[in-house]
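K.L.:
coordinates only, sequence not included:
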């Protein structure tokens, strides 16, 4: 619903400001931008085939970031991230739980291309690193876990709408990039895997919505 509302605002805004097409979107050199994204969710699952079995999940993610405009409509920035997931499952045979913590950092450069006075298309290039730490255990004494490190180079298209000179709504949709990751098991010393890949993702799972304050 939030995504549909955002795109509705963008469409109606584009129409409303059609008369401003000769005026240019501009964020001046020397401006600081501070923004953040936050999400959280809770869900519980029951199984019809096993009336005494159920699973519950809780997660939250936070991504604060800052950018500095080195020239008009061109900025350099830094984004931090932390995510936490927790799963608890129970059944007649055993109970289990799992937790995952994800830490990330990304340095980026972003260029703003004017559409109208308040609307701009953005293109963002970034270098990123993330660390995922996962643990699991059950009531039978079994334990597990893994650690994964991922390095990435991504290009993200986006759009920005200036509410006023100090606040904007923004969204990044999709990414094109390369990633390298290595992961290892916490319980098996010889278990280590590597993965390299190019990715093109334009679906809703890569949608990042945020609010930015300019100082």
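P.N.:
Everything's here; your move. All values reported here derive from a predicted model rather than from experimental measurement. Numbers count the residues shown, from 1 in each chain.

K.L.:
quick one: low-confidence parts of the chain?
P.N.:
Where the chain drops to pLDDT under 70, the residues are 1-22, 48-49, 190, 202-207.

K.L.:
can you show me the strands along it?
P.N.:
Along the chain, the segments classed as strands by DSSP state E run 32-47, 50-71, 74-90, 95-114, 119-138, 143-164, 167-173, 175-185, 192-201, 207-214.

K.L.:
pairing partners for the third one, with directions?
P.N.:
Here the strand partners of strand 74-90, with direction, are listed using DSSP bridges: strand 50-71 (antiparallel), strand 95-114 (antiparallel).

K.L.:
a markdown table please, covering those and showing distance to residue 157.
P.N.:
Backbone N, C-alpha and C define where each C-beta goes, glycine included. As requested, the strands paired with strand 74-90 are exported to a markdown table (distance: least, Cβ to Cβ, whole Å):
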| stretch | distance to residue 157 |
| --- | --- |
| strand 50-71 | 17 |
| strand 95-114 | 10 |
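
K.L.:
how about residue 46, what does it touch?
P.N.:
Neighbouring residues of residue 46 by Cβ atoms under 8 Å, 6 or more residues apart in numbering: 53-54.

K.L.:
check residue 98 too.
P.N.:
85-87, 134-137.
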